[in-house]
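Asker: what's the 3D shape of this:
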Amino acid sequence: MPTASQPALHHAPSSSWFSRRMNRSNTRGFTLIELLVVIAIIALLIGILLPALGKARNAARQTKCLANVRGMGTSFLFYANDNKNWYATPALASASGNEAAFDTLKPGGFTCDGAAAYNADRWSQQNKYGGVAGLFSTYQMGDEYGSESPVKANFGYYPKFSPNPPKLGDPMYYLDGRTKTCMTTYVDGYGGLVCPADKVDRFYAYNRGSTDMNAPAYERSPSSSQEEHQPRIPSNAFEVISYNISYLYFAGLKLDEPNMISAVPFWGDETNGPDNGTSAFYQGGASDTSGNTGFRAAGAKGVNYYGKVDNHGNAGANYVYTDGHAEFVSESVNDVFFKCGGRQSITAMKPGRDHFIQTID
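Answerer: Numbering: from 1, shown residues only. Now for the predicted structure:
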């Protein structure tokens, strides 16, 4: 016991007591409210950044696509320089006609809405040669490549080139007997045939050499005569087929068009519809009122516009022109390219000239 002359001693806490206090302080976790605040902040930042990242990604894809079409334009220019200024046209050398047909066109001989009488049969033959794929390959086996006995031997265009389904390595022929495609020596690989933004493509059975140009309109769900494919860059000529190509082509143009007053387009982004002849750019859905087919199903503003299902959505498409430049087009394709007075109208070269051009994909 302390005496009156001795102050009371205060005992210091033991070291174990300090350890327990420090341990409790160091191991204290987040409260539920703090955790929810952190999660909310992270979610907010993600919500702000994702749209910006998405726009940047789309812009990068659109830029790569623009480079694709510009590069392909250069390849077509080389072809034209070696072939009397004609751009590559699969059926040009067929028995359907000859180049002289264009020389018979007289200025003022057509109106914008008039019917061309000269040799129009030749241009209806382009789809029989495989459309755009026919410019690069006579095989066009696509996903069937590698099969000794193709399950879908009647699909694609190759049965039109040969009387029997081909075996791997067999020579293939155009309808006029040629075995060499137009663009074989003018491209270095097939990477430029696929747009990086192209997620899906339709394969239309009517393209099996049919002469019927009234292709079925685009539908939300593929019909029994269509197939949906994930486009991929062909590694060889066998895999070159319409659904592995993201672009369309205006067949029938010359580099030195008479009376050409401005550069005109000839290669650009396709739609997911059958871009052949008058069925191009969802024209096949013009009379649709159900909302299940044509441009409405594709999410386009109307016929002759691009839809949400297309390479760059309904924003528009990249095109390369006869003077070599490439640009993004967002207006109605018909109003810009084919309408009298259109700012880049093919018709402006000579009245009625557009009747000798067929859109193919």
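Asker: pull the longest helix from this protein.
Answerer: helix 32-82 (DSSP state H).
Asker: return the list of helices and strands in contact with that helix.
Answerer: strand 247-251, strand 265-269, strand 317-321, strand 326-329 (3 or more Cβ pairs under 8 Å, 6 or more residues apart in numbering; DSSP states H and E). Where you see a C-beta, it was placed from the backbone N, CA and C, and this is true even at glycine.
Asker: helices or strands up against the shortest one?
Answerer: Applying 3+ Cβ pairs under 8 Å, 6+ apart, one finds that strand 326-329 contacts helix 32-82, strand 317-321.
Asker: what do you get if the cut-off is 10 Å, keeping everything else the same?
Answerer: Applying 3 or more Cβ pairs under 10 Å, 6 or more residues apart in numbering; DSSP states H and E, we find strand 326-329 packed against helix 32-82, strand 265-269, strand 317-321.
Asker: each with direction, which strands does the second one pair with?
Answerer: Going back to what we said before, that points to strand 265-269. Strands that pair with strand 265-269, judged by DSSP bridges, come out as strand 247-251 (antiparallel), strand 317-321 (antiparallel).
Asker: between those strands, which gets the lowest average pLDDT?
Answerer: For the strands paired with strand 265-269, mean pLDDT drops lowest on strand 247-251, to a mean of 92.
Asker: got the buried residues for that strand?
Answerer: By 16 or more other Cβ atoms under 10 Å, the buried positions in strand 247-251 come out as Tyr247, Leu248, Tyr249, Phe250, Ala251.
Asker: hmm, the first one is touching Gly268, no?
Answerer: Okay, so that is Tyr247. Yes: using Cβ atoms under 10 Å, Tyr247 is in contact with Gly268, at 6.3 Å.
Asker: shared neighbours of the two, anything?
Answerer: Cys65, Val69, Met72, Asn311, Ala317, Asn318, Tyr319, Val320 (Cβ atoms under 10 Å, 6 or more residues apart in numbering).
Asker: relative to Gly192, which of those is nearest.
Answerer: Met72 (5.2 Å; Cβ to Cβ).
Asker: what's around the closest one, how many residues?
Answerer: Counted by other Cβ atoms under 10 Å, the residues lying close to Met72 total 22.
Asker: same check, this time on Thr179
Answerer: When neighbours are defined as other Cβ under 10 Å, Thr179 has 11 of them.
Asker: surely Asn236 meets Tyr190?
Answerer: Yes: counting by Cβ under 10 Å, Asn236 does reach Tyr190; the two are 8.1 Å apart.
Asker: per-residue pLDDT of Gly313, please?
Answerer: pLDDT at Gly313 comes out at 95.
Asker: beta partners of the closest residue in space to Pro222 that isn't next to it in sequence?
Answerer: Distance criterion Cβ to Cβ, 6 or more residues apart in numbering; nearest residue to Pro222, sequence neighbours excluded, is Glu228 at 5.2 Å. Bridge pairing for Glu228 (DSSP bridges) gives the partners Arg202.
Asker: contacts only, for Glu228.
Answerer: Val200, Asp201, Arg202, Phe203, Ser221, Pro222, Tyr243, Asn272.
Asker: looking at these, which is nearest Gly142?
Answerer: Tyr243 (6.5 Å).
Asker: what is the burial count for that closest one?
Answerer: 22.
Asker: mind checking the SS state of it?
Answerer: helix (DSSP: H, G, I helix; E, B strand; the rest coil).
Asker: nearest to Val38, out of the strands paired with strand 265-269?
Answerer: Between those, strand 317-321 lies closest to Val38; by Cβ to Cβ that is 43.3 Å.
Asker: pull out the buried positions in that closest one.
Answerer: Ala317, Asn318, Tyr319, Val320, Tyr321.
Asker: same check, this time on stretch 217-226
Answerer: Quick answer for stretch 217-226 (16+ other Cβ under 10 Å): Ala217, Tyr218, Glu219, Gln226.
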